[in-house]
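Engineer: Mind folding the following:
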Amino acid sequence: MWDSALVQTLTLENFLSASGVILDVRSPSEYRQGHLPGAVSFPLFTDAERSQVGTCYKQQGRDEAVELGFAIAGPKFAQFIAEAKQLAGDRRVRVHCWRGGMRSGAVAWVLEMAGFEVVTLAGGYKAFRRWALATVEQPKPIVIMGGMTGTGKTDILAALSQKGAQVLDLEALASHRGSSFGGLGLPPQPTNEQFENDIAVRWAAFDARQPVWIEAESSRIGLCRVPEPLFQQMSRAVVLEIRRSRSERLAGLVQVYGSADRQELIQATLRIQKRLGGQRTKEAIELIQAEKLTEAFDLILDYYDKTYTYDLLRRQVKIYPIEVTGLSTDETIDLIWEKVDLLQP
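Structural biologist: Okay, here's the model as predicted:
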């Protein structure tokens, strides 16, 4: 119904490498659940309208649902064109829906008629999801950046990335640092589906001949779960263990969490009360209330150090300790490069 000889349908690989803004024409709730990284929500139907068309399809049939969809979407076509012009100054757009069917076809037809260069995605978002889940199963050489809380692993990985190393920053993608305190000061976490999508796109771009650096994580980072195939690869990878003095670690934690809301710090401390112990939890909270964050974190570190040590002892892999106390980030990176040959799987 919406076919146009000028609208190309591309395979996923070609769609991702093509130029033009990606317009996700599914409903807003579908987009929020998960979308192609970088895609813009450009819904043909609202959630309520999509439900209405779906109900019509089930109760009255396809033809009636198509007519209802046309009646709902038709008055929006001028608005779609105006919004697309704002989003795509070069008049190039990539359009997709759930299965590469009528919704993407409708929007592509409208925009093509308005003078846009349009391509659609064969199989839609459903095809992308199949690809994303399969992509993280691809084996690649991994180096795990380990170390106790406060050793500056995230900063080291960022510096490695700036120098050209392949880094998969799972905490950045999850918008969480992985501990009870991990979400403080960060934006809300993505859905787990979106987390998987973001990982997959980055994983696909890595050169399998070069190591991928990843911070040591548990299988869950806040509410996000590391895809099991990737987590299994991480579990088998060699570990570079960053070691730093306790005083430097505490100073780093104060720098990271010093601006956090004090009540949120207290709530995060209460979440680990069962393992930290009632008395230590009480003391830590009193220290937070007294603005003695270094002393409070010193108590809390006992719990995290025990957890890290337990995890480290369970790993049946090569572990290479590297002492960085007193070193700048650049000096630390230089020291890491000296050990690169040893860190190869």
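Engineer: Residue 206 touches residue 212, doesn't it?
Structural biologist: Yes - distance between residue 206 and residue 212: 5.3 Å, which falls inside the contact criterion (Cβ atoms under 8 Å). The C-beta positions use only the backbone N, C-alpha and C, and glycine is treated the same way.
Engineer: who touches both of these two?
Structural biologist: 140, 166, 168 (Cβ atoms under 8 Å, 6 or more residues apart in numbering).
Engineer: can you redo these as JSON lines with neighbour count and distance to residue 67?
Structural biologist: Below are the shared contacts of residue 206 and residue 212 laid out as JSON lines (neighbours: other Cβ atoms under 10 Å; distance: Cβ to Cβ, whole Å):
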{"residue": "140", "neighbour count": "19", "distance to residue 67": "50"}
{"residue": "166", "neighbour count": "21", "distance to residue 67": "51"}
{"residue": "168", "neighbour count": "21", "distance to residue 67": "48"}
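Engineer: Looking at these, which one is closest to residue 79?
Structural biologist: For residue 79, the closest of the shared contacts of residue 206 and residue 212 turns out to be residue 168, at 39.2 Å, with distances computed as Cβ to Cβ.
Engineer: Name the nearest residue to that closest one, ignoring sequence neighbours.
Structural biologist: Closest residue to residue 168 in three dimensions, ignoring its sequence neighbours and counting by Cβ to Cβ, 6 or more residues apart in numbering: residue 214, at 4.9 Å.
Engineer: tell me which element that neighbour is part of?
Structural biologist: Secondary structure assignment for residue 214, by DSSP states H and E: strand 212-215.
Engineer: And for residue 229?
Structural biologist: helix 228-236.
Engineer: Please list the residues outside that helix that contact it.
Structural biologist: Contacts of helix 228-236 with the rest of the structure, by Cβ under 8 Å, 6+ apart, involve 136-137, 139-140, 142, 144, 199, 203, 214, 216-217, 219, 226, 315, 317.
Engineer: Which of those residues are buried? Put it as a PyMOL command.
Structural biologist: The buried subset of those, as determined by 16 or more other Cβ atoms under 10 Å, is captured in PyMOL by this line:
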select buried, resi 136+140+142+144+199+203+214+216+217+226+315
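Engineer: Narrow the contacts of helix 228-236 to those in helices?
Structural biologist: Among the contacts of helix 228-236, DSSP state H puts 199, 203 in helices.
Engineer: Which members of the contacts of helix 228-236 are positioned in strands?
Structural biologist: Among those, DSSP state E puts 142, 144, 214 in strands.
Engineer: Enumerate every residue touching the first one.
Structural biologist: Shown here is residue 142, whose contacts under the criterion Cβ under 8 Å, 6+ apart are 211-214, 233-234, 237, 345.
Engineer: where does this structure dip in pLDDT?
Structural biologist: Applying pLDDT under 70 to the predicted model, the residue ranges of the chain that meet it are 1-6, 341-345.
Engineer: burial of the residue lying closest to residue 131 once chain neighbours are set aside, as a residue count?
Structural biologist: Counting by Cβ to Cβ, 6+ apart, residue 131 lies nearest to residue 12, which is 5.4 Å off, once chain neighbours are set aside. The burial metric for residue 12, expressed as a neighbour count using other Cβ atoms under 10 Å, is 18.
Engineer: go on, residue 302?
Structural biologist: Residue crowding around residue 302 was assessed by other Cβ under 10 Å; the count is 14.
Engineer: What's the separation between it and residue 123?
Structural biologist: Taking Cβ to Cβ, to the nearest Å as the measure, residue 302 falls 52 Å from residue 123.
Engineer: so what does the helix or strand encompassing residue 249 touch, helix or strand wise?
Structural biologist: According to DSSP H and E, residue 249 maps onto helix 246-257. Taking 3 or more Cβ pairs under 8 Å, 6 or more residues apart in numbering; DSSP states H and E as contact, the helices and strands that helix 246-257 lies on are helix 293-314.
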